[in-house]
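J.: need a 3D model of the following:
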Amino acid sequence: MRIEYHRTLLADRVRNAAFHAALRRVIVKNETTVADIGAGTGFLGFLAAGLGAKRVDLYEAADIAAVARKLLRHNRLTNCRIAEVHSTDVAAPDRVDVVVSETLGNYPFEENIVETLNDAQARFLNPGGIVIPRAVEQFVCPVTAERYYRELAAWDEVGFGLDFAPARAMTLNNIYVRPFQPDDLLGNAKAGKSWDKLIFGRRNKTTRSGEASWPMQMRTTVFGVALWWSAELVDGLSLATGPLDPKTHWEQLYLPALAPITVEPGQTLSARLRSTTSYERGTNVTWTLTVRDGSGREVLRQALDLEKGFLP
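T.: Residues are numbered from 1 along each chain as shown. Here you go, the predicted structure:
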């Protein structure tokens, strides 16, 4: 059991306050029923109980469920009950008015929140019910700080007459959790663009894809792209993980280039991204970086795939 991971979640005051505010908006005291899916220590479900929910059902398949059960008794939350099972394995769940699930990773869908909430929408939620988060939008921005790439290219400096190029290629076909400062990114991170958005409360595809482009006004060297996300918890209330947002336990992701890309004025850099997630196979991400000239002709392409970064 990784209790330390759960401590970092509960230490994230930005996250905690945002979800508390969202639940406070939708819970009617002694009337609203709530399901906390992927409950962990039970924190969100406990918040709902404290806000006056009529009944709170918590679903958690991991060993942390035993801690949640102990915390429930310790806090004397008589309107809560815990099922130590993944929600998708519940044969006939009791329906609720609100489904809340904070199963978001640094890459937002790596914990299969899309598939989980597809199932919850169909089988757990009352007609007209509410899903928290309401929506997730993903952003991408070119990385212009060389140090992120230089760290990964250390294979070039092994020396002793040895060439580690194949290992270097595997390193670059990987994704890295990194904190970025605004000046590490194009336009001080203000050049970040949306490449994908989904709205929960309806059935969504677990494969996500999209593209963003940046026409360059000056000569710019790019070392990959950074990703982050913004979750709209309820209408008008969001929680985001970008370098310009309040700091949370989540950080941004660095998707390297295969080699530094110099983009000339008048050329356009594009990033096309695709991800697939499933309970059976986990998460895979591919990213393709291209440069086109003023006439739209492609002058450079680098295609990377997370699967190429794993040991055979």
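J.: closest to the centroid, which residue in this structure?
T.: Nearest to the centroid of the C-alpha atoms of the chain, with distances taken as C-alpha atoms, centre = their mean, sits P108, at 1.5 Å.
J.: that one: which element?
T.: For P108, there is no helix or strand it lies in under DSSP states H and E.
J.: so in terms of bridging, what pairs with the nearest residue to it once chain neighbours are set aside?
T.: Spatially, and ignoring its direct neighbours in sequence, P108 is nearest to W229 (4.5 Å; C-beta to C-beta, 6 or more residues apart in numbering). Glycine gets a C-beta too; all of them are placed from N, C-alpha and C. Bridge pairing for W229 (DSSP bridges) gives the partners Q138.
J.: how many residues are close by W229?
T.: Neighbours of W229 under the rule other C-beta atoms under 10 Å: 24.
J.: follow-up on the earlier one: please tell me how far the residue nearest to the centre of the chain sits from V28.
T.: Distance of P108 to V28, computed by C-beta to C-beta, to the nearest Å: 29 Å.
J.: tell me, how many residues neighbour the residue nearest to G201 when sequence neighbours are not counted?
T.: Spatially, and ignoring its direct neighbours in sequence, G201 is nearest to V131 (4.6 Å; C-beta to C-beta, 6+ apart). Other residues near V131 come to 22 when the count uses other C-beta under 10 Å.
J.: what of the one 4 residues further on?
T.: Taking other C-beta under 10 Å as the neighbour definition, A135 ends up with a count of 17.
J.: next, give phi and psi for it.
T.: phi -160, psi 160 (degrees, to the nearest 10).
J.: oh, and call the first residue 18 from now on, that's how I've got it
T.: Yep, numbering from 18; the last one is A152 now.
J.: and the gap between it and R32?
T.: 17 Å.
J.: I216 now?
T.: 21 Å.
J.: so between the two, which is more surrounded?
T.: R32 (22 against 13).
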